[in-house]
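*Asks:* The following block contains a protein sequence and its predicted model.
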2 protein chains.
Amino acid sequence: MFKLNKCLILYPIRNNTMSQIELNDKKIQILNVAEKLFSEKGFEGTSIRDISKEAKINIAMVSYYFGSKERLLEALIFYKTVDLKLQLENLLQENLQPLEKVNKLIEIYVNRICLNKGIYRVLHFELYNKKREKSLEAFTELKKGNLKSVESIIKQGQTQGVFRKDINIQLITPTIIGTFFHFHMNRSFFEELLDLKTEEMFNNYIKNDLTKHIQQTIKALLVYEN
Amino acid sequence: MFKLNKCLILYPIRNNTMSQIELNDKKIQILNVAEKLFSEKGFEGTSIRDISKEAKINIAMVSYYFGSKERLLEALIFYKTVDLKLQLENLLQENLQPLEKVNKLIEIYVNRICLNKGIYRVLHFELYNKKREKSLEAFTELKKGNLKSVESIIKQGQTQGVFRKDINIQLITPTIIGTFFHFHMNRSFFEELLDLKTEEMFNNYIKNDLTKHIQQTIKALLVYEN
DNA sequence: GTTTAATTTAAACACTTGTTTAATTTTATT
DNA sequence: AATAAAATTAAACAAGTGTTTAAATTAAAC
């Protein structure tokens, strides 16, 4: 009856090489279910039968579309990380004060990880052991690109004399993402501690208080003089 | 020939209740292997056969000593988190300037997580979904205790007029631990980026640069005036 | 409408999983 | 040395794992 939506995703890997992945509605459906379950129960803790049950497809379809469970994970990572790099590169071009750019950078990070709640947990936990090389490679490229953007923004601020010059730029991202991630990984603890009863209250706390805390922290680090 | 070392570990759970766990050499051996493998391959990714092979014991011994794989995880968490609380409470009593205390607090955190590399990964990733209630409860109690210590130190600095008063104390720990944790979780990325070729170089970077970065960040946040 | 290709299915594959059993060996107690 | 308790073992258990197969169904191309 209806033709399947087909979509080609290109993602950069090492040495300016490009790789690609073809997506249709069914594949995307599987990827979304996989993200949800992987993030809830981990990669090993999720079976293909779990995925196919939740996605209401036959078990064989995962192998048919992605080849294997391992390659499903790869596809998932590529699918969910392509556009963050673009978003950061766009930020570089904007006509903003350095501090404004840093604040916006933080907002982008928080928003991205918030939107893709699941995948970042998977990324950090399943890629920790070096075995999944292909996925790891794409993730490493992403991080390198992000670092370049951060570097560029901060150096801009330094040449304008707004930021300190004895800053370890490479450790800025760990502080931004790490703070948010730790908060997110201890969600139920903070829900109880801060009395965040609903999903909405939790998200609002992130959007307001947590983001502000990170911005305040990074600002202090960047402009504070001993 | 030799009598087994026996050791009783008491750990606090909710409402001043105490629970206990008896440990002997063999149990500790199993726990150490379990920590290593859980942190490398995750809880679900590690089989009892993996553990018994590495620990050179029979498969049935895990069930015999701990009852089940799930209870092995619980025991592991209790075993590895008991003394952090004590360490922090001791810090409170020390006669130090507020900023010195904060710096020492950061050192304690970094050291602790560094020493128990494995368990913290397990703690964050396996306890994320709420199913493992018993383990989660002990972990929550630990975090509450830690927060109280941090709160006490910072309020001390505030009454002495050294620290700002508009600080979100509850988000200090996420920044400290989160920064370190993110660095640790992306170990291979930073090894390449910072050219840390040996285990020693990596640990030195943590001990010097990373710890300093966190201390610098928290100091700036605490004393910086807008 | 016929043929070819793509999709979907249930069943089977060999393998691994956590746990239990019952027998055996080692250690401790009397 | 005899007895009781604890530790250790190999084997078996049922259930779950990822993947493959070959047949059935649906869609596309001619």
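*Replies:* Yes, it's here.
*Asks:* Give me the mean pLDDT for the host helix or strand of A:K144.
*Replies:* For A:K144, the element it lies in under DSSP states H and E is helix A:133-159. Average pLDDT, helix A:133-159: 87.
*Asks:* right, is that helix up against chain B?
*Replies:* Yes - Helix A:133-159 lies within reach of chain B by Cβ under 8 Å from any Cβ of the partner chain, at A:136, A:140, A:143-144, A:147. Placement of C-beta: from N, CA and C, glycine included.
*Asks:* Packing partners of the helix or strand following that helix?
*Replies:* Next in sequence after helix A:133-159, counting helices and strands by DSSP H and E, comes helix A:172-185. Helix A:172-185 sits against helix A:98-115, helix A:117-126, helix A:133-159, helix A:211-223, helix B:172-185, helix B:211-223, with contacts defined as 3 or more Cβ pairs under 8 Å, 6 or more residues apart in numbering or on different chains; DSSP states H and E.
*Asks:* pLDDT averaged over helix A:172-185, what's the number?
*Replies:* In the prediction, helix A:172-185 has an average pLDDT of 93.
*Asks:* Alpha carbons only: can I get that helix in CSV?
*Replies:* C-alpha atoms of helix A:172-185 as CSV (Å, rounded to 0.1, in the frame of the first residue of the first chain):
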residue,chain,number,x,y,z
ILE,A,172,35.9,21.6,30.6
THR,A,173,33.7,19.1,28.8
PRO,A,174,34.1,16.4,31.5
THR,A,175,32.9,19.0,34.0
ILE,A,176,29.9,20.0,31.9
ILE,A,177,28.8,16.6,30.8
GLY,A,178,30.0,14.8,33.9
THR,A,179,27.9,17.1,36.2
PHE,A,180,24.8,16.6,34.2
PHE,A,181,25.4,12.9,33.7
HIS,A,182,26.0,12.2,37.3
PHE,A,183,22.8,14.0,38.2
HIS,A,184,21.0,11.9,35.6
MET,A,185,22.5,8.6,36.6
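*Asks:* Can you tell me which residues in chain A are near DNA strand C?
*Replies:* Proximity of chain A to DNA strand C (Cβ under 7 Å from any atom of the strand) is limited to residues A:4, A:24, A:26, A:57-61, A:64.
*Asks:* These: which two are farthest apart?
*Replies:* A:L4 and A:I59 (20.5 Å; Cβ to Cβ).
*Asks:* could you dump the helices and strands packed on helix A:172-185 to JSON lines with mean neighbour count?
*Replies:* Putting the helices and strands packed on helix A:172-185 into JSON lines (neighbours: other Cβ atoms under 10 Å in any protein chain shown) gives the following:
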{"stretch": "helix A:98-115", "mean neighbour count": "18"}
{"stretch": "helix A:117-126", "mean neighbour count": "21"}
{"stretch": "helix A:133-159", "mean neighbour count": "18"}
{"stretch": "helix A:211-223", "mean neighbour count": "21"}
{"stretch": "helix B:172-185", "mean neighbour count": "24"}
{"stretch": "helix B:211-223", "mean neighbour count": "21"}
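*Asks:* where in chain A is pLDDT low?
*Replies:* A:1-23, A:129-133, A:226 (pLDDT under 70).
*Asks:* got the residues of it near DNA strand D?
*Replies:* A:1, A:3-4, A:46-50, A:59-60, A:62-63, A:67-70.
*Asks:* Which of these are buried, as a ChimeraX select command?
*Replies:* To isolate the buried members of the residues of chain A next to DNA strand D in ChimeraX, using 16 or more other Cβ atoms under 10 Å in any protein chain shown:
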select /A:46,48,50,62,69
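*Asks:* Is there any residue in stretch A:31-40 that contacts chain B?
*Replies:* Yes - on the criterion Cβ under 8 Å from any Cβ, stretch A:31-40 is in touch with chain B at A:E40.
*Asks:* quick one: contacts of that stretch?
*Replies:* Applying Cβ atoms under 8 Å, 6 or more residues apart in numbering or on different chains, the contact partners of stretch A:31-40 are A:23, A:46, A:50-51, A:54-55, A:72-73, A:75-76, A:79-80, A:116-119, A:121-122, A:126, B:129.
*Asks:* CA atoms only: put it into CSV for me.
*Replies:* C-alpha atoms of stretch A:31-40 as CSV (Å, rounded to 0.1, in the frame of the first residue of the first chain):
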residue,chain,number,x,y,z
LEU,A,31,16.2,1.5,16.8
ASN,A,32,14.0,3.5,19.1
VAL,A,33,12.8,0.4,21.0
ALA,A,34,16.4,-0.8,21.2
GLU,A,35,17.5,2.6,22.7
LYS,A,36,14.8,2.4,25.3
LEU,A,37,15.6,-1.1,26.4
PHE,A,38,19.3,-0.8,26.2
SER,A,39,19.2,2.2,28.4
GLU,A,40,16.9,0.6,30.8
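*Asks:* Tell me the gap between that stretch and the middle of its chain.
*Replies:* 14 Å (Cα atoms, centre = their mean, to the nearest Å).
*Asks:* In helices, which of the residues of chain A next to DNA strand C fall?
*Replies:* Residues of the residues of chain A next to DNA strand C located in helices (DSSP state H): A:26, A:60-61, A:64.
*Asks:* top of these by neighbour count?
*Replies:* Neighbour counts for those, by other Cβ atoms under 10 Å in any protein chain shown, peak at A:M61, which reaches 17 neighbours.
*Asks:* Can you get me a residue count around the residue nearest to A:Y79 when sequence neighbours are not counted?
*Replies:* Take A:Y79 and drop its neighbours on the chain: the residue closest to it by Cβ to Cβ, 6 or more residues apart in numbering or on different chains is A:L31, 5.5 Å away. By other Cβ under 10 Å, the residues close to A:L31 number 25.
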